[in-house]
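[1] turn this into a structure:
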Amino acid sequence: MTLKDGLLLLLMLFLSRSHRGDTSDCHKSSVNALEGESAVLRCQPENFPFLNDTNFESYGLTVTWRFDPSRGKEHQFTNLSNVKKKGLYLLIANVALEDSGGSYNCTIHNGTDIVGVKSFLLNVYKGKCFNESSVYRVNTNTGIYQKLSCPDLCEFPWTSPDISWQKDCKDSLVSSGADIEFKKVTKADAGNNICRYSFEYEGVRYNISRTRQLRVEDAPEEMIPDIIEPDVDKKRVYVEVGKGVTIDCIVVAYTNQDVEFSDIYWSEENKSEAIKCNQTICFKKHHEKLRHNYHITVKLNLTKVEKEDIGKTYICYLNSKDGSKNVSVILVEKINSTDITQNFFIMGVSLAVIFITLPVTLIIICVVLRVEIVLIYRKVTGKDETVGDGKDYDAYVTWCKSSTTPSYHAEEGKFILETMPSVLEKHFNYRLCIYERDVLPGGAFVDNTLEYIGKSRRMILILSGENVVDESHYELVTGLHSDLVEKKIQVILIEYKPLNDLKSLPESLRLLVKERGTVKWKNSQADNYNSRFWKKMRYYMPAKKMASPHTDEMNLL
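    Numbers count the residues shown, from 1 in each chain. Below you'll find the predicted structure:
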């Protein structure tokens, strides 16, 4: 493919993005035709909706058609008498039932490559003039205007087609032209209106028909007058003593008769007759013609509201040929400015108290629940601090071995070699470095200690509360120096048993215990992964994704 061809393809793809959404018959993959009539196919691949007869040749494109019948071998069209090609179009005259189910395939070439393809399934129906399977249905109501258009038959490149309409396969024509109009639909207009589209090309007459099936139902029930304002019954109207007020009662009507014969008026509560005008109260009526209806407005005018008017109810009555309705309003005194100022003051003080106490409350919550908040944040975001830091272990585990006891107590050894790995490694996906378990014998203790502490992100120190032996002291000093001085590693202190006397600990360790505190262990927390101890351990450990279920089993496969 040449550079020019490549640029052309890119242009076509760009243009196709801006022409999505064409849903005409030209782009449907299934084409319906009546036996003995014609079918028109337009090669319009979805990625080239902008192509037409005037521009596709300018792009250096050619169109090839092939026919794959439902039975038999595929063949290319040559000089078949009932098949014509014109630009992007394929015209098939006098389709037969045996053509039904066949696939018509078009291919667009640019000279070297195929740039677009489209397939059509031809469905041929048997019938006198239409088939129920291929009608276009229109639903309407009696008494309204309706126009039917000949359904979309593609943008044919032929001029002066003959278009006529028949109803229910009768020979007589009911109309000519692209549309058929019904000034006022009746039940008798229901039926199948067949639009016949006929044109001639190279001496061959092509006839195509489409059917508009008009379904007619009775018009919906006539709208009756109704009160739309006041919009709710017992609506409150706020008034000021000593001032006037105007209250509207608005009725919507749909005919001149409704306007002429509807009786609308205002009345006082417990009275059925209309208010009689005087110097203090009266009502006036007028109507307005809108696009689809009428608005009748009756204005109730109170020239001066007295104190005894507060709480009064006034009723708007509507009496029409369709029945009676009424809606009431209640006069309510407005709150004076002093009350408003007082309310604003109370509201302001309340907001001030909220704004002062809210941050303090949030801070207290964050301090008390900081461990849970951090763990939830890690779980939601999927944060992983261990990616790309070059470390092999999440924590180096050591403990202060007592100088008065064996190298480690059996109880402490079980906690370090069994309990901690079973939870932190197997359940929470951490990798621990335990000297007695992971460091091969034979190397120098000092060198091994420095090497493995350097490979770890944290150092977990289990406190025994007693004086430590030299080896433990060296591990301890190395870890504390890395934490306090070099800031290379963070030490996590586990108080395995209560520390009764901090003086027994080295000075640097005492300082760290006072500054950061310890994570206190209880035997009852061993199997409870949601206990306070394991939550605090995960809080101090680096953020890391938890292991997927059955990780160990999967690794063995």
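[2] please make it C-alpha for all contacts and neighbour counts, starting now.
    Will do.
[3] can you give me the domain assignment for the protein?
    What automatic domain parsing lists as the domains of the chain is 3-125, 132-217, 226-333, 382-554.
[4] now the ones you listed in a markdown table, with mean pLDDT and distance to Gly348?
    What follows is those, written out as a markdown table (pLDDT from 0 to 100; distance: least, Cα to Cα, whole Å):
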| stretch | mean pLDDT | distance to Gly348 |
| --- | --- | --- |
| domain 3-125 | 73 | 55 |
| domain 132-217 | 83 | 60 |
| domain 226-333 | 86 | 25 |
| domain 382-554 | 77 | 41 |
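[5] so which of those is nearest Leu375?
    With Cα to Cα as the measure, domain 382-554 is the member of the domains of the chain nearest Leu375 (6.6 Å).
[6] off-centre distance for the closest one?
    With Cα atoms, centre = their mean, to the nearest Å as the basis, domain 382-554 stands 47 Å off its chain's centre.
[7] by contact count, what packs against the longest strand along the chain?
    Longest strand of the chain, by residue count under DSSP state E: strand 204-217. Using 3 or more Cα pairs under 8 Å, 6 or more residues apart in numbering; DSSP states H and E, the elements in contact with strand 204-217 are strand 30-34, strand 135-141, strand 191-201.
[8] that one pairs with which strands, parallel or anti?
    Paired neighbours of strand 204-217 in the sheet (DSSP bridges): strand 135-141 (parallel), strand 191-201 (antiparallel).
[9] circling back: any chance of the helices and strands packed on strand 204-217 in a markdown table, plus distance to Cys282 and mean neighbour count?
    Compiled in a markdown table, those are given as follows (distance: least, Cα to Cα, whole Å; neighbours: other Cα atoms under 10 Å):
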| stretch | distance to Cys282 | mean neighbour count |
| --- | --- | --- |
| strand 30-34 | 71 | 21 |
| strand 135-141 | 45 | 15 |
| strand 191-201 | 58 | 19 |
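[10] nearest to Ser160, out of these?
    Nearest of the helices and strands packed on strand 204-217 to Ser160, taken as Cα to Cα: strand 191-201 at 7.4 Å.
[11] contacts for the closest one?
    129-130, 150, 158, 160-169, 205-215 (Cα atoms under 8 Å, 6 or more residues apart in numbering).
[12] kindly recompute the last result at 6 Å.
    Under the contact criterion Cα atoms under 6 Å, 6 or more residues apart in numbering, strand 191-201 has outside partners 150, 161-168, 205-214.
[13] bridged to Asp248, which residues?
    Applying DSSP bridges, one finds that Asp248 bridges with Lys299.
[14] now for the strands paired with strand 204-217, which one comes closest to Leu351?
    Nearest to Leu351 among those is strand 135-141 (59.1 Å), distances taken as Cα to Cα.
[15] what's the angle from the closest one to strand 30-34?
    Angle between the axes of strand 135-141 and strand 30-34 is 90 degrees (criterion: axes from the mean of the first three to the mean of the last three Cα atoms, to 10 degrees).
[16] what does strand 135-141 rub up against?
    Contacts to strand 135-141, defined as Cα under 6 Å, 6+ apart, come from residues Thr211, Arg212, Gln213, Leu214, Arg215, Val216, Glu217, Asp218, Ala219.
[17] closest to Ala93 out of these?
    Within the contacts of strand 135-141, the smallest distance to Ala93 is 19.1 Å, found for Thr211 (Cα to Cα).
[18] count of residues packed around the closest one?
    The tally of other residues near Thr211 (other Cα atoms under 10 Å) stands at 25.
[19] now the contacts of strand 191-201: which count as buried?
    Buried members of these, counted by 16 or more other Cα atoms under 10 Å: 150, 161, 163-167, 206-214.
[20] widest-spaced pair of those?
    Pairwise distances across those peak at 26.0 Å for Tyr206 and Leu214 (criterion: Cα to Cα).
[21] now the strands: where do they sit in the stretch 351-500 of the chain?
    For the stretch 351-500 of the chain, strands defined by DSSP state E, counting those that start in this stretch occupy the ranges 395-399, 432-434, 458-463, 490-495.
[22] picking up where we left off before, can you tell me which of the helices and strands packed on strand 204-217 is nearest to Glu495?
    Closest to Glu495 of those, according to Cα to Cα: strand 30-34, at 77.5 Å.
[23] ok, and what's touching the closest one?
    Ala39, Phe120, Leu121, Leu122, Asn123, Val124, Tyr125.
[24] could you redo the last one with a cut-off of 8 Å?
    Contact partners of strand 30-34, identified using Cα under 8 Å, 6+ apart, comprise 25, 39, 41, 95, 120-127, 129-131, 134, 208-209.
[25] any of these buried? List them.
    Buried members of these, counted by 16+ other Cα under 10 Å: 25, 39, 41, 95, 120-125, 129-131, 134, 208-209.
[26] in TSV, list the helices and strands packed on strand 204-217 along with distance to Thr54.
    Shown next, in TSV, are these (distance: least, Cα to Cα, whole Å):
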stretch	distance to Thr54
strand 30-34	24
strand 135-141	31
strand 191-201	18
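[27] and Ile296, which of the ones you listed is closest to it?
    Taking Cα to Cα, strand 135-141 is the member of the helices and strands packed on strand 204-217 nearest to Ile296, at 28.6 Å.
[28] distance from the chain centre to the closest one, please.
    On Cα atoms, centre = their mean, the centre of strand 135-141 falls 33 Å from the chain's centre.
[29] what's downstream of that strand, the next helix or strand?
    strand 146-149 (DSSP states H and E).
[30] now for the helix or strand following that following strand, which elements pack on it?
    Per DSSP H and E, the first helix or strand lying C-terminal to strand 146-149 is strand 162-167. Contact analysis of strand 162-167 by 3+ Cα pairs under 8 Å, 6+ apart lists strand 173-176, strand 191-201 as its packing neighbours.
[31] wait, which of those strands is closest to Glu515?
    Of all those, strand 191-201 sits nearest to Glu515, with 91.3 Å by Cα to Cα.
[32] tell me how far the closest one is from the chain's mean position?
    How far strand 191-201 lies from its chain's middle: 44 Å, per Cα atoms, centre = their mean.
[33] and the angle from it to strand 162-167?
    Using the same axes, to 10 degrees: strand 191-201 against strand 162-167 is 160 degrees.
[34] what's the closest of the helices and strands packed on strand 204-217 to Ile247?
    Within the helices and strands packed on strand 204-217, the stretch nearest Ile247 is strand 135-141; the backing value is 39.5 Å (Cα to Cα).
[35] picking that back up, of the contacts of strand 135-141, closest to Tyr89?
    Using Cα to Cα, Thr211 comes nearest to Tyr89 of the contacts of strand 135-141, at 22.6 Å.
[36] list the contacts of the nearest residue to Pro151 once chain neighbours are set aside.
    If the residues on either side of it in the chain are set aside, Pro151 comes closest to Arg210, at 6.6 Å by Cα to Cα, 6 or more residues apart in numbering. Residues near Arg210 by Cα under 8 Å, 6+ apart: Phe130, Ser134, Val135, Tyr136, Cys150, Pro151, Ile194, Cys195, Arg196.
[37] tell me the one of those residues nearest Phe67?
    Of those, the one sitting nearest to Phe67 (Cα to Cα) turns out to be Ser134, at 22.8 Å.
[38] distance of the closest one from Asn207?
    Using Cα to Cα, to the nearest Å, we find Ser134 at a distance of 16 Å from Asn207.
[39] do the same with Leu61
    Counting by Cα to Cα - Leu61 and Asn207 are separated by 29 Å.
[40] verify the stated contact: Ile180 with Pro151.
    No: contact criterion Cα atoms under 8 Å: Ile180 and Pro151 do not qualify, at 11.8 Å.
[41] got the contact list for stretch 427-435?
    In contact with stretch 427-435 (Cα under 8 Å, 6+ apart) are residues 393-398, 417, 421, 424-425, 452, 456, 544-547.
[42] tell me which residues in it are buried?
    Buried residues in stretch 427-435, counted by 16+ other Cα under 10 Å: Phe428, Asn429, Tyr430, Arg431, Leu432, Cys433, Ile434, Tyr435.
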